[in-house]
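J.: curious how this folds, go ahead:
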Amino acid sequence: MVHNKRKKNSRQRGSWTHGWGEKKKHRGAGHRGGRGLAGSGKKGDAKKNKYWKDTKYFGKHGFYSINAIKTNTINLSTLVQYTQKWITVGKATNEAGTIKINLTQLGYDKLLGTGNTKQKLEITIETASQKAIEKIEKAGGKVNLLAEKISQKEEKPAANSKAKE
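T.: Presented below is the predicted three-dimensional model:
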């Protein structure tokens with residue numbers, strides 16, 4: 001014979017607690033002492049030891065600057081890996097044995113000197129480390145820095161204002 005099982009709440013009609021013990025226990029978070037880490041205050045002796053062991057619980061830790069400028073960097077070794085791919089895609093050109101790459105158009109802000117190159121590279125970028133510039137020039141290449149052009153433009157108006165005074 002098929003026995004149709006009733007829902008749990010209809011089977012619990014007539015009981016005050018519906019399986020939660022004392023009738024006050026299922027009202028809020030009071031039976032368990034609060035929600036989350038409640039009860040950890042001055043008089044919460046039961047939970048103090050838990051927080052003393054975990055030293056990162058109290059206070060603020062570290063710092064985070066919302067004004068931090070994020071620079072997108074690329075290493076010389078990574079640059080050498082991608083040159084052939086960029087040439088085939090058309091993001092770089094190979095003219096008379098010199099590979100010309102505009103890294104600012106590719107979304108990079110700074111060139112770092114980790115790695116080596118034997119290729120002649122002509123790179124245009126905002127800033128580059130001194131090691132990166134030395135390694136590229138040693139291989140017969142050239143680095144065009146856009147940051148120098150910007151700083152030179154800023155210096156010219158200052159020189160004009162001194163002349164007027």
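J.: residue contacts, Ile125?
T.: 102-104, 108-111, 143-146 (Cβ atoms under 8 Å, 6 or more residues apart in numbering). Yep, even glycine has a C-beta here, placed from its N, CA and C like the rest.
J.: what about these, which are in strands?
T.: 102, 110-111, 143-145 (DSSP state E).
J.: by neighbours, which of those residues wins?
T.: Leu111 (27 neighbours; other Cβ atoms under 10 Å).
J.: can you check the pLDDT for the residue nearest in space to the middle of the chain?
T.: For the chain, the residue nearest the mean C-alpha position is Lys70 (8.6 Å; Cα atoms, centre = their mean). pLDDT, Lys70: 85.
J.: any idea which helix or strand in the chain has the lowest mean pLDDT?
T.: When the helices and strands of the chain are compared on mean pLDDT, DSSP states H and E, helix 146-164 comes out lowest with a mean of 58.
J.: let me know the closest of the ones in strands among the contacts of Ile125 to Ala38.
T.: Nearest to Ala38 out of the ones in strands among the contacts of Ile125 is Lys110 (Cβ to Cβ; 48.3 Å).
J.: about what we covered before: from the ones in strands among the contacts of Ile125, which is closest to Gly21?
T.: Lys110 (64.4 Å).
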